[in-house]
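Chemist: turn this into a model:
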Amino acid sequence: MAKVAREMVEKAGVNVDRLLELLVKNAAAELTTYYYYTILRANLIGLRGEGIKEIAETARIEDRNHFEALVPRIYELGGKLPEDMKVFHDTSACPPASLPKDPTDIEAMLTVLVEAERCAVRGYTHICNLTAGKDHRTYELSQAILSEEVEHESWFSEFLGEGPSGHFMRRGETSPFVSKFLR
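Modeler: Numbers count the residues shown, from 1 in each chain. Model (predicted):
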């Protein structure tokens with residue numbers, strides 16, 4: 001644990017125990033979303049499903065990267081991950097992005113995907129609001145993850161016909177905002 005890091009965050013007025021709770025819950029959401037997106041992606045078949053598969057795969061890989069980037073900060077602040085994977089899963093800040101009852105229903109599949117991203121956007125916005133000007137490292141990390149989650153939401157919402165977002169699928173690059181935290 002980086003004792004001075006925790007001390008400085010506490011001195012800045014952040015409830016570190018509450019922040020750690022949020023970070024662990026969001027890390028659980030990222031890892032479980034990675035798992036559920038694996039199942040969703042495998043079921044994106046047919047003419048309509050294949051067009052979404054690459055985007056779902058990018059979001060899936062980036063969610064794994066978000067988990068990997070969050071873990072060091074959790075430990076730096078004196079936190080830890082639950083030792084039991086079932087407990088960790090149930091700690092998730094977001095509900096499971098489960099496969100719809102009819103996996104051939106692409107609209108239902110997209111709704112699952114976009115709602116998972118919207119939950120993540122809400123969670124990281126909240127963490128950014130708590131840490132802005134107080135915990136620079138957690139803020140920067142959460143802001144980077146938030147930037148990618150906003151893009152994920154926009155990709156899926158466009159497929160639902162909710163309107164243009166101005167975001168484009170990234171080619172050959174994953175986690176452009178979070179990658180510096182993965183070194």
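
Chemist: contacts for stretch 33-52?
Modeler: For stretch 33-52, contacts defined as CB atoms under 8 Å, 6 or more residues apart in numbering pick out 53, 56-57, 59-60, 63-64, 67, 94, 96-99, 103-104, 106, 109-110, 112-113, 116, 120, 156, 159. Just so you know, the C-beta spots here come from the backbone N, C-alpha and C atoms, and that holds for glycine as well.

Chemist: for whichever strand or helix holds Thr138, packing partners?
Modeler: Using DSSP states H and E, Thr138 falls within helix 136-159. Judged by 3 or more CB pairs under 8 Å, 6 or more residues apart in numbering; DSSP states H and E, the packing partners of helix 136-159 are helix 46-76, helix 106-131.

Chemist: any chance of these in a markdown table, plus distance to Glu7, mean pLDDT and mean neighbour count?
Modeler: A markdown table is the format used below for those (distance: least, CB to CB, whole Å; pLDDT from 0 to 100; neighbours: other CB atoms under 10 Å):
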| stretch | distance to Glu7 | mean pLDDT | mean neighbour count |
| --- | --- | --- | --- |
| helix 46-76 | 12 | 94 | 19 |
| helix 106-131 | 15 | 97 | 20 |
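
Chemist: same list, those, but as JSON lines with distance to Phe177 please.
Modeler: Shown next, in JSON lines, are those (distance: least, CB to CB, whole Å):
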{"stretch": "helix 46-76", "distance to Phe177": "9"}
{"stretch": "helix 106-131", "distance to Phe177": "11"}
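
Chemist: which one of those lies closest to Glu30?
Modeler: Closest approach to Glu30 among these (CB to CB): helix 46-76, 3.9 Å.

Chemist: starting at the chain centroid, how far to the closest one?
Modeler: 7 Å (CA atoms, centre = their mean, to the nearest Å).

Chemist: with only the CA atoms kept, save the helix holding Thr138 in CSV.
Modeler: The C-alpha trace of helix 136-159 is given here as CSV (Å, rounded to 0.1, in the frame of the first residue of the first chain):
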residue,chain,number,x,y,z
HIS,A,136,-5.7,13.3,-8.9
ARG,A,137,-4.6,9.7,-9.7
THR,A,138,-8.0,8.1,-9.1
TYR,A,139,-9.7,11.0,-10.9
GLU,A,140,-7.4,10.6,-14.0
LEU,A,141,-7.9,6.9,-14.1
SER,A,142,-11.7,7.2,-13.7
GLN,A,143,-11.9,9.9,-16.3
ALA,A,144,-9.9,7.7,-18.8
ILE,A,145,-12.2,4.8,-18.2
LEU,A,146,-15.2,7.1,-18.5
SER,A,147,-14.0,8.3,-21.9
GLU,A,148,-14.0,4.8,-23.2
GLU,A,149,-17.3,3.8,-21.6
VAL,A,150,-19.0,6.8,-23.3
GLU,A,151,-17.7,5.6,-26.6
HIS,A,152,-19.0,2.1,-26.0
GLU,A,153,-22.4,3.5,-25.1
SER,A,154,-22.4,5.6,-28.2
TRP,A,155,-21.5,2.7,-30.5
PHE,A,156,-24.4,0.5,-29.2
SER,A,157,-26.9,3.3,-29.0
GLU,A,158,-26.3,4.1,-32.7
PHE,A,159,-27.2,0.5,-33.6
